[in-house]
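[1] just a sequence and a predicted model for now, questions to come.
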Amino acid sequence: MIKKILICLLPLFIFWGCENTNPYLALDAGFDALKAVTLSDGEIKLLAAEASKQSDSKNRLAGPGDAYGNRLKKLVGDRYDSDGYVFDFKVYLSSEVNAFAMADGTIRIYSGLMDMMKDEELLFVVGHEMGHVTEKHIRKKIMLAYAASAVRKGIASQENLAGNLARSALGDFVQTLVNAQFSQTEEKEADDFGLVFLKKQGVEAKAAVSALKKLDTLGKGHSFLSSHPEPALRAQRLQDQIDHPGRATGALSAINRIMAWIRGLFF
């Protein structure tokens, strides 16, 4: 942990002794770097809640009586308790095909995504996003966002053109979280949670496969696929799992445990 803290405080040490340096902003960079490796679960949830508020304020939410809101409410309700989280579901009225989760249990589904999904498929997407929360994938994204903020503020502490450009980019925290790409292991864990969620709802697993195949038609340049990559490969893995239940389960879980241990060394 001490090594992590020293590495994260590096921006402060680099910029503190330079000429034309704003020491207060440089110190702020050091604090952000330190915070990146010392955030508690409570602080993570508070940050996520603030990010959710900011996102909601910039998007059009489905209100009472709205068809999209009613459809989602019929499927999962307004709130859902699972794995120690209280999930808050709402719809953004936007033609964009997207969905995201925040570490506090916030789940936001865009109406554009709802238009292309049957109810069963939509339930898998919801369960997948819930999986990103319960597996604490977004905690890592918040820590990385803080680390990025530290680097930006370290540069911004310089009283020059580069510093001015860096200062103008300090408001990207929410976008960083919404658009952060998940790893293959994280996607697998979220997909597996989505399958369990479908089972709890009494829905056949094939809905997960068809949902992923629909997402694959969006094309590689689509924003949703930039954060949730390779839906075709994920669909094939789930189909293989359905066709051959139990195959290679032990090997895969062992690999996942090793990957989780490696991630734990750095995050």
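    Right, received. Where do you want to start?
[2] from what I can see Ala62 touches Ser94, true?
    No. Using Cβ atoms under 8 Å, Ala62 is not in contact with Ser94; the gap is 10.2 Å. Bear in mind the C-beta positions are built from the backbone N, C-alpha and C, glycine included.
[3] and the two? Which one has more around it.
    Ala62 (20 against 13; other Cβ atoms under 10 Å).
[4] phi first, then psi, for the closest residue to the more buried one other than its chain neighbours.
    Nearest non-adjacent residue to Ala62, counting by Cβ to Cβ, 6 or more residues apart in numbering: Gly69, 3.4 Å away. The phi and psi torsions at Gly69 (degrees, to the nearest 10) take the values phi -60, psi -40.
[5] do the one 10 residues further on as well
    Note on Arg79: backbone dihedrals following degrees, to the nearest 10 are phi -140, psi 150.
[6] mind listing the residues bridging to it?
    Arg79 has these beta-bridge partners by DSSP bridges: Asp88.
[7] count the residues that sit near it.
    Here the count is done by other Cβ under 10 Å, and Arg79 has 10 residues near it.
[8] swap in Pro245?
    Counted with other Cβ under 10 Å, the neighbours of Pro245 add up to 9.
[9] so which strand or helix has it?
    Counting by DSSP states H and E, no helix or strand carries Pro245.
[10] gap between it and Met117?
    25 Å (Cβ to Cβ, to the nearest Å).
[11] shared neighbours of Ala62 and Ser94, anything?
    Taking Cβ atoms under 8 Å, 6 or more residues apart in numbering as the criterion, Ala62 and Ser94 both touch Ser111.
[12] and the nearest residue to Asp83 once chain neighbours are set aside, how far from Ile107?
    In space, Asp83 comes closest to Thr134 once its chain neighbours are excluded; the distance is 4.3 Å by Cβ to Cβ, 6+ apart. Computed as Cβ to Cβ, the Thr134 to Ile107 distance reads 12 Å.
[13] more neighbours: these two, which one.
    Neighbour tally, Thr134 and Ile107, criterion other Cβ under 10 Å: the higher count belongs to Ile107, 24 against 17.
[14] any idea how far Ala232 is from that one?
    For Ile107, the distance to Ala232 - Cβ to Cβ - is 24 Å.
[15] so who does Lys118 touch?
    207, 210 are the contacts of Lys118 under Cβ under 8 Å, 6+ apart.
[16] what does it show for phi and psi?
    According to degrees, to the nearest 10, Lys118 has phi -70, psi 170.
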